[in-house]
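In: pasting the sequence and the predicted model now:
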Amino acid sequence: MPFQDIEKKWQKRWRDAGLFDTPENPGEDKFYLLEMFAYPSGDVHIGHFRNYSIGDVVWRYLRMCGKKLLHPFGWDSFGLPAEQAAIQRNIHPHEWTEGNIATGRETLRAMGVSYDWGREVVTSRPDYYKWTQWIFLQLFKKGLAYQKEAAVNWCPKCNSVLANEQVIGGCCWRHKNTPVERRTLKQWFFKITDYAQRLLDDIDKLDEWPEPVKSMQRNWIGRSEGANIDFVVAETGDPLPVFTTRPDTVFGVTFMAIAPEAELLRKLVEVCPNREAVEDYIAKAVMKTEIERVADGCEKDGVDTGLHVINPYNEERVPLYVADYVLAGYGSGAVMAVPAHDQRDFEFARRYNIEIRVVINPPGRVLQNCDMTEAYVEPGVMTNSGQFDGMDSVKAIKAITDFGAEKGYTAKTVQFKLRDWLISRQRYWGAPIPVINCRQCGIVPVPEKDLPVELPFVKDFLPKGRSPLADVPEYIDTTCPKCGGPAKRDPDTMDTFVCSAWYFLRYLDAKNETEPFSKSEAKKWLPVDLYIGGREHATGHLLYFRFITKVLYDLGYLPVEEPATRLFNQGMVCDENGEVMSKSKGNVISPVDIMSEHGVDVSRTAMLFFAPPDHEISWSRDGIRGAERFLSRVERLVGATLRVPNSERQTQGPVYMEGLSERDAQLYCELNRTVKAVTEDIESMEYNTAIARMMEFLNVVTPEDMAKSTIAFQIADTLTLLLVPFAPHLAEELNERLGYEPFVVDRPWPEYDKSVIVYDLVEIGVQVNGKVRGTIKIAPDAIEKTAIEEAKKQDNIRKHLEGKEITKIIYVPGRILNLIVR
């Protein structure tokens, strides 16, 4: 069948009719469907093809279920991916980006994806980044955007700063094998730490987000309860506050360790007896990556400063070391070292021959430090701890904290691993930071009326270790909006994650020239009902867009505190060698050639049939032939129906089992079971099994059946409707042949006749972490969601799930359900 011909025909009709345009007044039936937008550093590849096909399945199914949908698309066009690609090709990023957007848009249109192109956004255009700059100014006014000198992650290949979330395994997220260095620069930050507790607490509201993503965000935010203890540098009197989760070990402190980048150390270096050795050590330590410094198995080293610190609990003077296993970003950048009860401190003390003092003994046993081969880190009985001797160490945590609080040198506190979001980039291709530096007035925000601060067109945009904009006097040199004197613009640009943190809001009102979006549109469409994208963004984009949403909610611009109700993580697409496809690896496959040869419907059906959408797949052309055969069989089946004279067809209206032949009754039952199964599979986003269910039905019904069946029209009609989400062009063609108009998505999704779907229930065992905890009775083809719901109704099973997180589900319909929890 000439699939390509009918695809062009229907895509033109869809465009002419504005089929994908967003309704003005969705009301109660609103549904905001969103896939993560694309980096235009090349054409759309097969991984995008999969992601956007998943979204299109959802759109077509929900449209037939009566939903009023917003389904927009745009381009994350600022930032490193586009700039690096442009540099490699020796063309300007603007030219490269706009060219790729045009190519990518054409490819997506050729796919027939249901995007409302009237709401397209491009983050590198002034009409978009004007509002990115506006958001920066709102954070600045709220005290959430600030500038400071800081030790930062530096990628020597990018020649730019990286946020903590962009450092993976000690290497750059873009240049996977390039170790990240540490440098001290003046940088802009967003104060995401002010929202740490809310970001953490509200994870519990994200019921329809994948557990792994929620778990990664909890760990990244990293809440720790403990105490701040005020130690004092003996020689200078400077306070040295230390955060610890183990105040029960404070009497075992035998040295203090401070991070090489700690702010206090800069001052103390001036008076260090061992100044030369300390400065030499600092210079070497800051060149190491954080992974190199803190990884298990790495030898812990440091240098004695010659200074001492006083422990307020026993007034002992202990030596102060600079040690690279201590990081400046956590707490005050110093730790109280308790070698007997912390493994890193233990290794350090052994190396430098520092006292190891036991202050907690295991129950029923006395530790001897000379016999210890590793630190004892479990609870036990207090010893060598003054008035707290003999106390249970867990209870001593509170007692010691309370004692220090009464004396005024200890305070119960909460600490987070989350660091403030570093947004400065020393690159050209990004949204300019809208601030002006005036000698007289200091940092002055650009007035909102002067936005956007447009990115100038410069020929020499190659990274040089500082922003190329610093060398463009006509851009940098300006006038202070406050005093009118000479001033300079900030030369840096914003991290592209700032652009993507709010793009879903611009879609609401993409042509608005007076505000980023109107409150009425936000109220109408928010939150996003389904967000489709990769799990790799868990601690980057998915955290940032939650933060920006909360800020704008607090400022009164948004009606919601969380951006998306449901998150779905699609699986990666790998090449035939099992390598994840990416433009940076050069192993991407374009869907254009595949669509040209086989058609869109065949290509997307094959892609959707490979595996469940959240599973990783290895791309192979082998699935194309199977998809082609399947769609051709459907077309032939409908064709066989149309050859039956009208007088012999039972067309529309109810079907009564008692009036059917035995064969038709069998077909009618199978048809309704297929409708039920496909519907449930689509609802649970198990598209591969939905297609498999239709294939199974085609193995039951034959063209001969269709030639003589009195329900042939119902079969053909229902199959056509079930086909819509997977092969929309063919479905439109078949729908027209069956006599319907104008579009198949305007017809309701088929319902099944419950009276003819009779199953004998089967009893299956339910395991929790591999141990049988009960049984449930369900239909043999019940979906995973139904099986879990039934399991949670059983008291004994529910008891083993309470307070635990389900991390993995193993479900074989009709056989077993195993829930892995922790």
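Out: Sure, I can see it.

In: give me the number of neighbouring residues for the closest residue in space to Tyr128 that isn't next to it in sequence.
Out: Spatial nearest neighbour of Tyr128, excluding adjacent residues (C-beta to C-beta, 6 or more residues apart in numbering): Val121 at 5.5 Å. For the C-beta atoms, the positions are set from N, CA and C on the backbone; glycine is no exception. Using other C-beta atoms under 10 Å, Val121 is surrounded by 22 other residues.

In: state the distance from Val121 to Pro452.
Out: Distance of Val121 to Pro452, given as C-beta to C-beta, to the nearest Å: 14 Å.

In: now Leu730
Out: Relative to Pro452, and taking C-beta to C-beta, Leu730 is found at 45 Å.

In: before we move on, what about Tyr321?
Out: Counting by C-beta to C-beta - Tyr321 and Pro452 are separated by 50 Å.

In: and the two? Which one has more around it.
Out: Tyr321 (24 against 19).

In: Gly306 sits in which helix or strand?
Out: strand 302-310 (DSSP states H and E).

In: contacts made by that strand with the rest, please.
Out: Contacts of strand 302-310 with the rest of the structure, by C-beta atoms under 8 Å, 6 or more residues apart in numbering, involve 231-236, 240, 256-258, 268, 271-274, 277-278, 281, 316-325, 348, 352.

In: what sits against the residue nearest to Tyr128?
Out: Per C-beta under 8 Å, 6+ apart, neighbours of Val121: 37, 72, 74-75, 128, 503, 506-507, 510.

In: repeat for Glu7
Out: 112, 599-601, 729.

In: do the same with Thr254
Out: 318, 337-339, 349, 354-357.

In: try 10 Å this time
Out: 311, 316, 318-319, 336-340, 345, 349, 354-357 (C-beta atoms under 10 Å, 6 or more residues apart in numbering).

In: try Thr807
Out: Per C-beta under 10 Å, 6+ apart, neighbours of Thr807: 211-212, 215, 769, 819-822.

In: Tyr146 reaches Lys186, doesn't it?
Out: No. Using C-beta atoms under 10 Å, Tyr146 is not in contact with Lys186, being 11.1 Å away.

In: which regions of the stretch 101-250 of the chain lie under the pLDDT threshold?
Out: 163-165, 174 (pLDDT under 70).

In: tell me where it has helices.
Out: Listed in chain order, the helices of the stretch 101-250 of the chain (DSSP state H, counting those that start in this stretch) span 126-141, 196-201, 211-221.

In: show me the shaky parts of the chain.
Out: In the chain, residues with pLDDT under 70: 1, 163-165, 174, 287, 289-298, 330, 582-586, 643-654, 758-760.

In: isn't Phe255 right up against Met336?
Out: Yes. Phe255 is within contact range of Met336, at 8.7 Å (criterion: C-beta under 10 Å).

In: common neighbours of these two, please.
Out: Common neighbours of Phe255 and Met336 (C-beta under 10 Å, 6+ apart) are 309, 318, 345.

In: out of those, who's nearest Pro362?
Out: Asp345 (18.3 Å; C-beta to C-beta).

In: OK, contacts around the closest one?
Out: 249, 252-255, 257, 300, 323, 325, 335-339, 354, 356, 375 are the contacts of Asp345 under C-beta under 10 Å, 6+ apart.

In: 7 Å instead?
Out: 337-339 (C-beta atoms under 7 Å, 6 or more residues apart in numbering).

In: any idea how far it is from Thr97?
Out: Asp345 sits at a distance of 51 Å from Thr97 (criterion: C-beta to C-beta).

In: again with Lys676
Out: 47 Å.

In: again, but for Glu315
Out: Glu315 is 64 Å from Thr97, by C-beta to C-beta.

In: neighbour-wise, which of these two wins?
Out: Comparing Glu315 with Thr97 by other C-beta under 10 Å, the one with more neighbours is Thr97, at 28 against 8.

In: pretty sure that one contacts Asp76?
Out: No. Thr97 lies out of contact with Asp76 (C-beta atoms under 7 Å); the separation is 10.3 Å.

In: which of the contacts of strand 302-310 fall within strands?
Out: Residues of those located in strands (DSSP state E): 231-233, 240, 256-258, 317-323.

In: okay, among those, which ones form the most distant pair?
Out: So, the ones in strands among the contacts of strand 302-310 by C-beta to C-beta: farthest apart are Val232 and Ala323, at 19.3 Å.

In: quick one: which of the two has more around it?
Out: Comparing Val232 with Ala323 by other C-beta under 10 Å, the one with more neighbours is Ala323, at 26 against 19.

In: give me every residue that touches that one.
Out: Applying C-beta under 7 Å, 6+ apart, the residues contacting Ala323 are 257, 300, 302, 348.

In: got a ChimeraX select line for the buried ones in the contacts of Val121?
Out: Selection of buried members from those for ChimeraX, criterion 16 or more other C-beta atoms under 10 Å:
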select :37,72,74,75,128,503,506,507,510
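
In: just the contacts of Val121 now: which is nearest Glu704?
Out: Nearest member of these to Glu704, counting by C-beta to C-beta, is Pro72, at 47.0 Å.

In: just confirm that closest one contacts Tyr507, I think it does.
Out: Yes. Applying C-beta under 7 Å as the test, Pro72 and Tyr507 come out as touching, 4.0 Å apart.

In: return every residue with contacts to both of these two.
Out: In contact with both Pro72 and Tyr507: Arg119, using C-beta under 7 Å, 6+ apart.

In: in stretch 772-785, what counts as buried?
Out: 773-774, 776, 778-779, 781-784.

In: ends of it, how far apart?
Out: 19 Å (C-alpha to C-alpha, to the nearest Å).

In: ok, and what's touching it?
Out: 677, 680, 684, 759, 761-767, 786-787, 790-791, 794, 796-797, 800, 809, 811, 813-814.

In: next: stretch 53-65.
Out: 31, 33, 35, 69, 71, 113-114, 530, 532, 570, 604, 607-608, 613, 682, 687, 724-726, 728, 745, 747-749.

In: same thing but at 8 Å, please
Out: So stretch 53-65 is contacted by 31, 33-35, 69, 71, 111-114, 530, 532, 568, 570, 604, 607-608, 613, 682, 685, 687, 721, 724-726, 728, 745-749 (C-beta under 8 Å, 6+ apart).

In: restricted to strands, list the residues you listed.
Out: 31, 33-35, 69, 530, 532, 568.

In: pipe the residues you listed into JSON lines and attach neighbour count and distance to Pro559 per row.
Out: Shown next, in JSON lines, are those (neighbours: other C-beta atoms under 10 Å; distance: C-beta to C-beta, whole Å):
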{"residue": "Phe31", "neighbour count": "20", "distance to Pro559": "17"}
{"residue": "Leu33", "neighbour count": "20", "distance to Pro559": "19"}
{"residue": "Leu34", "neighbour count": "21", "distance to Pro559": "17"}
{"residue": "Glu35", "neighbour count": "24", "distance to Pro559": "23"}
{"residue": "Leu69", "neighbour count": "23", "distance to Pro559": "19"}
{"residue": "Leu530", "neighbour count": "21", "distance to Pro559": "19"}
{"residue": "Ile532", "neighbour count": "22", "distance to Pro559": "23"}
{"residue": "Phe568", "neighbour count": "20", "distance to Pro559": "23"}
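
In: quick check: the farthest pair among these?
Out: Leu69 and Phe568 (15.7 Å).

In: if we can go back for a sec, closest to Trp421 out of the ones in strands among the contacts of strand 302-310?
Out: Ile258 (25.3 Å).

In: tell me the contacts of the closest one?
Out: Ile258 neighbours (C-beta under 8 Å, 6+ apart): 240, 264-265, 305, 320-323, 326, 333-334.

In: give me the buried entries from those residues.
Out: For the contacts of Ile258, buried by 16+ other C-beta under 10 Å: 240, 264-265, 305, 320-323, 326, 333-334.

In: for the spatially closest residue to Glu790 that is not a sequence neighbour, phi and psi?
Out: Spatially, and ignoring its direct neighbours in sequence, Glu790 is nearest to Ile776 (4.4 Å; C-beta to C-beta, 6+ apart). Here is the backbone geometry of Ile776 (degrees, to the nearest 10): phi -140, psi 150.

In: alright, I will stop here.
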